[in-house]
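**Q** Need the 3D shape of this:
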Amino acid sequence: MRASPKLGAKPVPSRQDEAAGALRQSRGEADLKIYRVHVPAEVNVQKIRKKLGLSQNEFASRFGIAPGTLRDWEQERKRPEGPARVLLMVIDKEPEAVRRALERARKPVAAGRKAPIAFME
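**A** Numbers count the residues shown, from 1 in each chain. Reported below is the predicted structural model:
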């Protein structure tokens, strides 16, 4: 529960308001001069991966992340930077949307051959 704002203070937006604003922005409807996206400093990568029921290699392959980078994030040797945190947030909330978007980027593979994996660093 959020504390009541002080008299004269700006109202604190609810999570629903924030989600609605993000949706408007994704549709190109938000006024970018007044709307900002909050990207948390910390993202629990292992929790996101386990929520999807994927191994490290499956998660890395599905979302174009180098397996070593994923391990570093999960073991907190490194932290995902801004764009990677945004991708991880979208994977957490809308994994099928990310899968569909990335699926279109995959090239067809000849029968009997493995698909090459493009990793982001």
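**Q** going forward, measure contacts and count neighbours with C-alpha atoms only.
**A** Fine.
**Q** Relative to residue 57, how far out is residue 92?
**A** Noted for residue 92: a distance of 17 Å to residue 57, by CA to CA, to the nearest Å.
**Q** again, but for residue 93
**A** On the measure of CA to CA, residue 93 and residue 57 end up 20 Å apart.
**Q** the more surrounded of residue 92 and residue 57?
**A** residue 92 (19 against 14; other CA atoms under 10 Å).
**Q** Tell me the predicted confidence for residue 82.
**A** pLDDT, residue 82: 88.
**Q** For it, which non-adjacent residue is closest in space?
**A** Nearest residue to residue 82, sequence neighbours excluded (CA to CA, 6 or more residues apart in numbering): residue 39, at 7.4 Å.
**Q** tally of neighbours for the one you found?
**A** 12.
**Q** Settle this for me: it is touching residue 87, isn't it.
**A** No. Residue 39 lies out of contact with residue 87 (CA atoms under 8 Å); the separation is 10.3 Å.
**Q** any low-confidence regions in this protein?
**A** Across the chain, the ranges flagged by pLDDT under 70 are 1-13, 21, 25-26, 28, 30-32, 34-35, 106-121.
**Q** all strands of it, in order?
**A** Using DSSP state E, no strands are found in the chain.
**Q** ranges for the helices of it?
**A** Along the chain, counting by DSSP state H, helices occupy 15-26, 45-51, 56-63, 67-74, 82-93, 95-103.
**Q** So for residue 33, which of those helices sits nearest?
**A** Evaluated over the helices of the chain, closeness to residue 33 peaks at helix 15-26, with 11.2 Å, by CA to CA.
**Q** what helices or strands is the closest one leaning on?
**A** Where contact means 3 or more CA pairs under 8 Å, 6 or more residues apart in numbering; DSSP states H and E, helix 15-26 is not packed against any helix or strand.
**Q** For that helix, C-alpha coordinates in PDB please.
**A** What follows is helix 15-26, C-alpha atoms only, in PDB (Å, rounded to 0.1, in the frame of the first residue of the first chain):
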ATOM      1  CA  ARG A  15       1.100   0.500 -11.000                       C
ATOM      2  CA  GLN A  16      -1.900   0.400 -13.300                       C
ATOM      3  CA  ASP A  17      -1.300   4.000 -14.300                       C
ATOM      4  CA  GLU A  18       2.300   3.200 -15.000                       C
ATOM      5  CA  ALA A  19       1.400   0.100 -17.100                       C
ATOM      6  CA  ALA A  20      -1.200   2.100 -19.000                       C
ATOM      7  CA  GLY A  21       1.400   4.700 -19.800                       C
ATOM      8  CA  ALA A  22       3.900   2.100 -21.000                       C
ATOM      9  CA  LEU A  23       1.200   0.700 -23.200                       C
ATOM     10  CA  ARG A  24       0.400   4.100 -24.700                       C
ATOM     11  CA  GLN A  25       4.100   4.700 -25.300                       C
ATOM     12  CA  SER A  26       4.500   1.300 -27.000                       C
END
